[in-house]
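Participant: next one to model:
(one chain, ligands or ions: 1)
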Amino acid sequence: MIPLARPVMEKEEKEAVMRVMDSGMLAHGPEVENFEKEFAEYSGVKHGAAVSNGTSAIHLALAALDVGPGDEVITTSFSFIASATPILFLGAKPVFVDIDPRTFNIDPKKISEAITDKTRAIIPVHLYGQCADMDGVLKAAGDVPVLDDCAQAHGSLYKGKKAGSMGLAGMFSFYPTKNMTTGEGGMVVSNDLGFIEKIRILRNHGQVARYDHLSIGYNLRMTSLAAAIGRTQLEKLEGKNELRKRNAHLLTEGLGPIKGIETPFIQEGNEPVFHQYTVKILKGRDEVARKLTEKGIGNKVFYPTTIPSSPAMKPYVNNTFPVAEECCRQVISLPVHPLVTPDDIDTIVDTIREIMEG
Ligand SMILES: Cc1ncc(COP(=O)(O)O)c(C=O)c1O
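Facilitator: Just a heads-up that it's a prediction; the model follows:
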C-alpha cells in the first residue's frame, strides 16, 4: 500500500519531546514562545500566537476582530468545513463564493460581488498548498481585513511572498497530515502586534495578568510538548517541501499524457508546496478511486461536497456554486508526501494508465 499521508517522526522529534518532559514545563512556556518566534520569522511576519489547532486559529483571528452577530464573513465554497465553522461559532453569517476551476481557490471576481457593508473579514484558503490569487483577493477586499487560511500551505510562495504574510493574518494547522505537524496544533501569524496580543489573551481565558480577566476567553493554548515537536518539524520543512515538489513534478510528467486526467494547474508566480497532489478525472472518478484502492494506491477525495451544501451551512445559503460542485465530482488526491519514492510514482502512474486506458 502506498499511503496518501504519513507523518514523519524521527529521532529529533523524540528528543525534543523528552527535553520538555524532563523540564517539567508541559503547558505554555518558553518552548511555545520560541516556536511562535521561529514560525513567524519563517513565514515572513513579525509575530505568532500558537494555539490548540487550525480551527481555533481561525476562530481566534475572527474573535480578535470582534466578529459577531449581524456580521458577514466571506469564504470559499470548496475547502474543509473548518474554514467556515468558526464564523458560525461567533454568531456571524458565512457568505460563500465560488472558485477558479483551475486552481480550486476562491475567485476574486466573486468576492467583489459578495461584499456588503456588513462584511467584516474575508478568508481565502490556499488549497492543496497553492496560494489563492492574493493580488485579486486583496484588491477585491479593499479595507476589509483578509485572514488567510494557510492550513495546507506552510512555506507556499506567491510572487516570492510566503503564505500568511500578505493579508492581516495567516492561520495555520499542524494536524498530522499537514506539511509539518505538532500532533494537534495551530498558529496565527501577523505583523500586527495588537491583533496577536488580543489572540494571546483570548486563547488564555481572557487573562492579561494572573487572575486578571479582561474579557471572556477560551482555553485554546498549545502545549510545550507540541511546540517542541513543531520547532523540530519546522527545521525540516523546506527539505520535506522540496521532496513534495519533486514528487509532484514526476507525477505530472507521468500523468500528463494520459487522456481524461487534468494534472494540477500552477498559477503564474506561485510556488505551491503540494500539501495534496490533486488531479481531475473528467469522467468516472469514483470508479477510478475504487480501483486505485483495490490496487494499493492510497487516494482520497478532498472534498466530495461543497461546504455550503452541508446541513449546518444550508440555512445561510441561497445561491449555487457550479464550479465547486463540478470539482467535487472530479477531484482526487494521490500520494505526494515526502516518503513517496520515484519508484512509487512509477507504480502510481502505471496503475492509473492501466485503469484509464485498460
Ligand atoms: C483548509 C483547512 N482549514 C482548516 C483546517 C482545520 O485545522 P485543524 O484540523 O488543525 O483544526 C484544516 C485542517 O484540517 C484545513 O485543511
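
Participant: surely L220 touches G54?
Facilitator: No. Between L220 and G54 no contact is recorded; they are 11.2 Å apart, counting by C-beta atoms under 8 Å. The way it works is simple: take the backbone N, C-alpha and C, and place the C-beta from them, glycine included.

Participant: who has more neighbours, those two?
Facilitator: Shown here are L220 and G54; by other C-beta atoms under 10 Å, G54 has more neighbours (27 against 22).

Participant: show me the contacts for the closest residue to that one other than its chain neighbours.
Facilitator: Excluding the flanking residues, the one nearest G54 by C-beta to C-beta, 6 or more residues apart in numbering is S173, at 2.5 Å. For S173, the contact set (C-beta atoms under 8 Å, 6 or more residues apart in numbering) comprises 53-55, 57, 151-152, 185-186.

Participant: of those residues, which is the nearest to T347?
Facilitator: Q152 (25.1 Å; C-beta to C-beta).

Participant: what about the closest one, how many residues nearby?
Facilitator: Neighbour count of Q152, defined by other C-beta under 10 Å: 28.

Participant: if I look at the closest residue in space to it that isn't next to it in sequence, how far off is H205?
Facilitator: When the adjacent residues along the chain are set aside, Q152 lies closest to H275, with 3.9 Å between them (C-beta to C-beta, 6+ apart). Distance from H275 to H205, counting by C-beta to C-beta, to the nearest Å: 33 Å.

Participant: name the residue in these two with the higher neighbour count.
Facilitator: Neighbours were tallied for H275 and for H205 using other C-beta under 10 Å; the higher tally belongs to H275 (26 against 16).

Participant: show the contacting residues for the more buried one.
Facilitator: With contacts defined as C-beta under 8 Å, 6+ apart, H275 is in contact with 128-129, 152-153, 178-179, 244.

Participant: next to the ligand in this structure, residues from the stretch 151-300 of the chain, please.
Facilitator: Contact residues, the stretch 151-300 of the chain versus the ligand (C-beta under 6 Å from any ligand atom): 151-152, 173, 175, 186.

Participant: nearest to A289, of those residues?
Facilitator: Checking these one by one against A289 (C-beta to C-beta), the nearest turns out to be Q152, at 20.2 Å.

Participant: element containing that closest one?
Facilitator: With elements delineated by DSSP states H and E, Q152 resides in a region that no helix or strand encompasses.

Participant: just checking, it touches A132?
Facilitator: No. Under the criterion of C-beta under 8 Å, Q152 makes no contact with A132, lying 11.3 Å away.

Participant: joint contacts of those two?
Facilitator: Common neighbours of Q152 and A132 (criterion: C-beta under 8 Å, 6+ apart): 125-126.

Participant: can you tell me the centre-most residue of this protein?
Facilitator: When the chain is reduced to its mean C-alpha position, the nearest residue by C-alpha atoms, centre = their mean turns out to be A151, at 2.1 Å.

Participant: who's in contact with it?
Facilitator: 54, 80, 82-83, 125, 171-173, 175, 178, 186.

Participant: quick one on the thing from earlier: kindly state the beta-bridge partners for the residue nearest to G54.
Facilitator: Under DSSP bridges, the beta-bridge partners of S173 are G186.

Participant: can you map out the helices along the stretch 101-250 of the chain?
Facilitator: Counting by DSSP state H, counting those that start in this stretch, the stretch 101-250 of the chain forms helices over residues 108-114, 134-141, 193-202, 224-255, given from the N-terminal end onward.

Participant: dump those to CSV, plus mean pLDDT, mean neighbour count and distance to I332.
Facilitator: Rendered in CSV, the data for the helices of the stretch 101-250 of the chain read as follows (pLDDT from 0 to 100; neighbours: other C-beta atoms under 10 Å; distance: least, C-beta to C-beta, whole Å):
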stretch, mean pLDDT, mean neighbour count, distance to I332
helix 108-114, 97, 18, 25
helix 134-141, 98, 19, 27
helix 193-202, 98, 19, 36
helix 224-255, 98, 20, 11
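
Participant: ok, T263 - contacts?
Facilitator: Here T263 is in contact with 251-252, 255-256, 279 (C-beta under 8 Å, 6+ apart).

Participant: make that Q207, sorry
Facilitator: Taking C-beta under 8 Å, 6+ apart as the test, what Q207 contacts is 201, 213-214, 217.

Participant: determine which two of those are furthest apart.
Facilitator: Set against one another by C-beta to C-beta, the contacts of Q207 have their most distant pair in I201 and H213, with a gap of 9.0 Å.

Participant: among the contacts of H275, name the buried ones.
Facilitator: Among those, those scoring as buried are 128-129, 152-153, 178-179, 244 (criterion: 16 or more other C-beta atoms under 10 Å).

Participant: want to throw the residues you listed into a markdown table with distance to G230?
Facilitator: Supplementary listing: the buried ones among the contacts of H275 in a markdown table, determined by distance: C-beta to C-beta, whole Å:
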| residue | distance to G230 |
| --- | --- |
| Y128 | 22 |
| G129 | 18 |
| Q152 | 16 |
| A153 | 16 |
| K178 | 11 |
| N179 | 12 |
| R244 | 18 |
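
Participant: please, which helix or strand holds E15?
Facilitator: Taking DSSP H and E as the definition, one finds E15 inside helix 11-23.

Participant: any idea how far that helix is from the chain center?
Facilitator: From the chain centre to the centre of helix 11-23 is a distance of 27 Å (C-alpha atoms, centre = their mean, to the nearest Å).

Participant: what helices or strands is that helix leaning on?
Facilitator: Secondary-structure packing of helix 11-23 (3 or more C-beta pairs under 8 Å, 6 or more residues apart in numbering; DSSP states H and E): helix 224-255.
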